[in-house]
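[1] based on what follows, work out the 3D shape:
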Amino acid sequence: VQLVESGGGLVQAGGSLRLSCAASGFTFDDYSIGWFRQAPGKEREGVSCIGSGDGSIYYTNSVKGRFTISSDNAKNAVYLQMNNLKPEDTAVYYCAALAGRYCTGGYDYWGQGTQVTVSS
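    Here you go, the predicted model:
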């Protein structure tokens, strides 16, 4: 089982990045996929999730209107488009897979993370 994130980097405030999460080794269609982030000295927080059942989408309040999650089941991939980035978005971003049709419960698999740094 693998979840591999990519697309992180250094960007100025107001800029954009698109993170990708490539999944392999499990039945992608049976899993909901979430994005999490952890900033230095802070707890990990959930950013967004897309359910495998009805495609329900969730965002944490601080990213609503700026981030967009999407999935491509044909490619076993989930994306996080991040626009109007702010310095407080700086963190390591992780994708994770949750067995089930909805974004509830514990996550089974995690990626290694990708660093996003937003300069002011």
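
[2] contacts and neighbour counts: CA atoms only from here.
    Will do.

[3] give the contact list for N84.
    When contacts are counted by Cα atoms under 8 Å, 6 or more residues apart in numbering, N84 touches 13-16, 66.

[4] what about the residue nearest the centre of the chain, distance to Y79?
    Taking Cα atoms, centre = their mean, the centroid of the chain lies closest to W35, which sits 2.5 Å from it. For W35, the distance to Y79 under the criterion Cα to Cα, to the nearest Å works out to 9 Å.

[5] and the residue nearest to the centre of the chain, what does it touch?
    With contact set as Cα under 8 Å, 6+ apart, W35 has these partners: 46-49, 80, 93-96.

[6] which of those residues fall within strands?
    Among the contacts of W35, the members falling in strands are 46-49, 80, 93-96 (criterion: DSSP state E).

[7] out of those, who's the most crowded?
    Of these, C95 is surrounded by the most neighbours, 31 neighbours in total, counting by other Cα atoms under 10 Å.

[8] show me what the residue nearest to that residue when sequence neighbours are not counted bridges to in the sheet.
    For C95, the nearest residue in space outside its immediate sequence neighbours is W35; the separation is 4.5 Å by Cα to Cα, 6 or more residues apart in numbering. Residues found in beta-bridge contact with W35 (criterion: DSSP bridges) are S48, C95.

[9] show the pLDDT at W35.
    Listed pLDDT for W35 reads 98.
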